[in-house]
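>>> Test case, fold it:
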Amino acid sequence: MLKTQSIIIVLLFAATVANAQSFLKGTVYENGTNTRLTDVFIRDNTSRQVTITDKNGNFSIRTAVGHTLIFNSPGYISDTLYLIDMAPKKIQLNAQTIALRQVTINATRTEFNPRTEYPEVYEKSKVYALSPSTWFSKEAKDARRLKRYFRREAEERQIDATFSMAYVGSIVPLKGKDLENFISLYRPSYDLIKINNRETLVAYINDSYKKYMALPPDKRQLQPLITQ
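Have a look, this model is predicted:
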């Protein structure tokens, strides 16, 4: 009898938690403008639910009061939102002072395996011929967009790991801020990195260094982003 009561209590608690969660909707803008931001990655840091903004900057994510959401997009400073209610949100992200991935220069990025971290996204992204919902439902479409986002992120992290300060600094005689500026200005494409040919990469770095040194001193750094 006691065991049965315990099971009932657990089930009731689980149902209460499930009912407490609902969908939060909102829109993400560039701060100071009316520009809506597409492909902003949003993660519920409490439940690990994830989503991404659509072409109009809108999002919808299953979450609950008391959860913390993290908003992240290349070229913008990440923002955190602690939910005190479920009213629609207007999120404003500040543009970084430089256009490229500044964070990758100053920090070691951890290994990223989205298939392990978010297996449900890959499951929902699958398309089945006899299941129309896998083609047309919003959940399936969002999962496929997230899958593309994860692929781009994995590619960027591979560039970070290959075109690192330690490696580039061992080839060109630059240090400190000069090395950071060089890495940012001449960050290679993923197509070059995936060749996985050290000789090709060394040749690219040496050629880029010659171009860098031929620039006027005021051009050897990233220019600030211009926002409207």
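>>> what ranges do the helices span in this protein?
Applying DSSP state H to the chain gives helices spanning 2-20, 102-106, 114-117, 119-124, 133-136, 138-162, 165-169, 176-185, 190-194, 198-214.
>>> wait, which of the ones you listed is closest to residue 57?
helix 138-162 (13.4 Å; CB to CB). In this view, the C-beta of every residue, glycine as well, is placed from N, C-alpha and C.
>>> Once you drop chain neighbours, what's closest to residue 70?
Nearest residue to residue 70 in three dimensions, chain neighbours excluded: residue 43, at 4.9 Å (CB to CB, 6 or more residues apart in numbering).
>>> How much space separates the one you found from residue 123?
18 Å (CB to CB, to the nearest Å).
>>> Kindly report the same for residue 86.
27 Å.
>>> Same drill for these two, tell me which one is more crowded.
The residue with more neighbours, out of residue 86 and residue 123, is residue 86; 14 against 9, by other CB atoms under 10 Å.
>>> what's near enough to touch that one?
By CB atoms under 8 Å, 6 or more residues apart in numbering, residue 86 lies in contact with 22, 24, 64, 65.
>>> rerun that using 7 Å as the cut-off
Taking CB atoms under 7 Å, 6 or more residues apart in numbering, we find residue 86 in contact with 22, 24, 65.
>>> Skipping adjacent residues, who's closest to the first one in space?
With sequence-adjacent residues excluded and distances taken as CB to CB, 6+ apart, residue 22 is closest to residue 86, at 6.2 Å.
>>> that older thread, let's see if you can find the most crowded of the contacts of residue 86.
Of the contacts of residue 86, with other CB under 10 Å as the count, residue 24 tops at 25 neighbours.
>>> How confident was the prediction at the closest residue in space to that one that isn't next to it in sequence?
Once flanking residues are discounted, residue 24 sits nearest to residue 63: 5.1 Å by CB to CB, 6+ apart. pLDDT, residue 63: 95.
>>> Need the helices of the chain in JSON lines (columns: mean pLDDT).
Below are the helices of the chain laid out as JSON lines (pLDDT from 0 to 100):
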{"stretch": "helix 2-20", "mean pLDDT": "44"}
{"stretch": "helix 102-106", "mean pLDDT": "41"}
{"stretch": "helix 114-117", "mean pLDDT": "79"}
{"stretch": "helix 119-124", "mean pLDDT": "79"}
{"stretch": "helix 133-136", "mean pLDDT": "70"}
{"stretch": "helix 138-162", "mean pLDDT": "87"}
{"stretch": "helix 165-169", "mean pLDDT": "94"}
{"stretch": "helix 176-185", "mean pLDDT": "92"}
{"stretch": "helix 190-194", "mean pLDDT": "90"}
{"stretch": "helix 198-214", "mean pLDDT": "94"}
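>>> would you list those in a markdown table and tack on distance to residue 90?
A markdown table is the format used below for the helices of the chain (distance: least, CB to CB, whole Å):
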| stretch | distance to residue 90 |
| --- | --- |
| helix 2-20 | 24 |
| helix 102-106 | 25 |
| helix 114-117 | 28 |
| helix 119-124 | 26 |
| helix 133-136 | 29 |
| helix 138-162 | 20 |
| helix 165-169 | 38 |
| helix 176-185 | 31 |
| helix 190-194 | 34 |
| helix 198-214 | 41 |
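>>> Just tell me which of those helices ends up closest to residue 92.
So among the helices of the chain, helix 102-106 is nearest, using CB to CB, at 19.3 Å.
>>> I'd like the average pLDDT over the strand ranked longest in the chain.
When the chain is parsed with DSSP state E, its longest strand is strand 22-30. Per-residue pLDDT over strand 22-30 has a mean of 94.
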